[in-house]
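Undergrad: Could you look at this predicted model? Sequence included:
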Amino acid sequence: MLVRQRGSDPSSAVTNRLAAQGIGPRPVAAIGVFAIPVIDAGFDTEAAWHGGRGLGGRGAIARLIAKACEQVGFFAITGHGVPDAVLQESRLAMAHYFALPLETKMRDAISGPDSPYGYSPLEGESLAATRARQASARDHKESYSIGPTDRAGLAANRWPAAHAAPDLRRAFTARYRAMAQLASLLLADMAQGVGLPRGWFVPLTDRGASAQRALHYPVGAEQPGGAAAHTDYGTLTILETDPAVAGLEVLLGRRWHAVEVPPGALVVNIGDAMARWTCGRWRSTVHRVVMPSGARGPRQSCAFFHNANADAIIAPLPGLAPRRSGWWRARRGGEDWAPVRFGDYLEAKVRAAYGLPGDSMGRSRSTV
């Protein structure tokens, strides 16, 4: 059963405390499946998409988001306001692109950290390496990604030839713009959720090079598709999962849980930058993709990775500086929250993922 929430925090006389709050794993059979918190974001109004007019009284929703970020690090949103046509057209364009011959897709291949957009073939990335795991563990998936579509001075997008994928550029650009606006609205709620002004993150993210990535996991008995356990690097991620093929799993405690997502909802999770901003109060939860046994077809999803500005300093937010005791130490025990320049942190993660030389983790790249 999915827990649907909007603007309130209902209690329930159930034995599972987190479930009673609408946040934690549901009390289901020992197959490790749970429904992540589902929050009606209320962005499916005209006012929400034109400068935020009419968004007064967001406090209750901001508190629900904050609770989900603190206790799970993942939640789903309905009422997100992204038009169905934008999602549908981009899904069709992505499916067409991944069906192209490999040699055609390789013309758009990612060339390095200074040109991080384009196509990545099967086993072209190792997310395990971003967590100091063996770099030889490669992800059996392919992807295509873009960055900002309307700003000069950033790495150029590697668009496929129009005759090969005639609808991809238009559909993917429309999707990117819609997701960027949705991310901005969510960040305002998140700022309010930690007791800060709604515009707090704007000067830290208004020039960020966010990335949108289409992901394709093949089906096969010998080596099914998948993505190794990892955390995301930026502020937040917005994911549209495959409605027909499951596979997303999150690590809570020492147990993996398959994630249930209601139809039409988008999944939101916290990245490393937000976890560092909140000094670990909000979780950048480890997650992975494991193709389910018996899948009859490939799995396709699309993620929007919202990033901070390259020169933004990721340091504990006001009122959230580390203490010598309390929740932060119990959860993160001894982790270094030294300020870090986001561009350095992101570059180190990208280098690790693609096996490029340089600092593989970025943990020592403090700035002050």
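TA: Yep, that arrived. A quick note: this is a predicted structure, and the numbers were derived from the prediction, not measured.
Undergrad: and the residue nearest the centre of the chain, what element?
TA: Using CA atoms, centre = their mean, the residue of the chain that lies closest to the mean C-alpha position is T237, 2.2 Å off. Using DSSP states H and E, T237 sits within strand 236-240.
Undergrad: got the CA coordinates for that strand in CSV?
TA: Extracted as CSV, the C-alpha positions of strand 236-240 are listed here (Å, rounded to 0.1, in the frame of the first residue of the first chain):
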residue,chain,number,x,y,z
LEU,A,236,19.0,16.3,-5.9
THR,A,237,18.0,13.9,-8.6
ILE,A,238,14.7,13.6,-10.3
LEU,A,239,14.1,10.1,-11.9
GLU,A,240,11.4,8.7,-14.1
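Undergrad: ok, residues contacting it?
TA: Strand 236-240 is touched from outside by 87, 91, 179, 182-183, 186-187, 190, 248, 266-271, 274, 301-306, with contacts defined as CB atoms under 8 Å, 6 or more residues apart in numbering. Yep, even glycine has a C-beta here, placed from its N, CA and C like the rest.
Undergrad: In strands, which of those appear?
TA: In this view, the contacts of strand 236-240 that belong to strands under DSSP state E are L248, L266, V267, V268, N269, I270, S301, C302, A303, F304, F305, H306.
Undergrad: Could you dump the residues you listed into a markdown table with distance to R138, pLDDT and neighbour count added?
TA: Output for the ones in strands among the contacts of strand 236-240, formatted as a markdown table (distance: CB to CB, whole Å; pLDDT from 0 to 100; neighbours: other CB atoms under 10 Å):
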| residue | distance to R138 | pLDDT | neighbour count |
| --- | --- | --- | --- |
| L248 | 19 | 94 | 23 |
| L266 | 28 | 97 | 21 |
| V267 | 24 | 97 | 20 |
| V268 | 27 | 98 | 28 |
| N269 | 23 | 97 | 27 |
| I270 | 26 | 96 | 27 |
| S301 | 19 | 96 | 24 |
| C302 | 21 | 97 | 25 |
| A303 | 19 | 98 | 20 |
| F304 | 24 | 98 | 23 |
| F305 | 20 | 97 | 24 |
| H306 | 26 | 97 | 27 |
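Undergrad: which stretches of the stretch 251-368 of the chain form helices?
TA: Taking DSSP state H, counting those that start in this stretch, the helices of the stretch 251-368 of the chain run over residues 272-277, 327-332, 342-353.
Undergrad: Please work out which of the ones you listed is packed deepest.
TA: helix 272-277 (a mean of 25; mean count of other CB atoms under 10 Å).
Undergrad: So which elements touch it?
TA: Packing contacts for helix 272-277, counted by 3 or more CB pairs under 8 Å, 6 or more residues apart in numbering; DSSP states H and E, involve strand 313-314, helix 342-353.
Undergrad: what are the C-alpha coordinates of it, in PDB please?
TA: What follows is the C-alpha trace of helix 272-277 in PDB, where atoms were taken according to Å, rounded to 0.1, in the frame of the first residue of the first chain:
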ATOM      1  CA  ASP A 272      26.100  14.300  -1.900                       C
ATOM      2  CA  ALA A 273      26.100  18.100  -2.100                       C
ATOM      3  CA  MET A 274      22.800  18.300  -0.200                       C
ATOM      4  CA  ALA A 275      24.000  15.800   2.400                       C
ATOM      5  CA  ARG A 276      27.200  17.800   2.900                       C
ATOM      6  CA  TRP A 277      25.200  21.100   3.200                       C
END
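Undergrad: Please renumber the chain so that the first residue is 51 from this point on.
TA: Sure, I'll start numbering at 51, so the last one becomes helix 322-327.
Undergrad: I'd assumed P253 was in a helix, is it?
TA: Yes: secondary structure of P253 (DSSP: H, G, I helix; E, B strand; the rest coil): part of a helix.
Undergrad: Lovely, talk soon.
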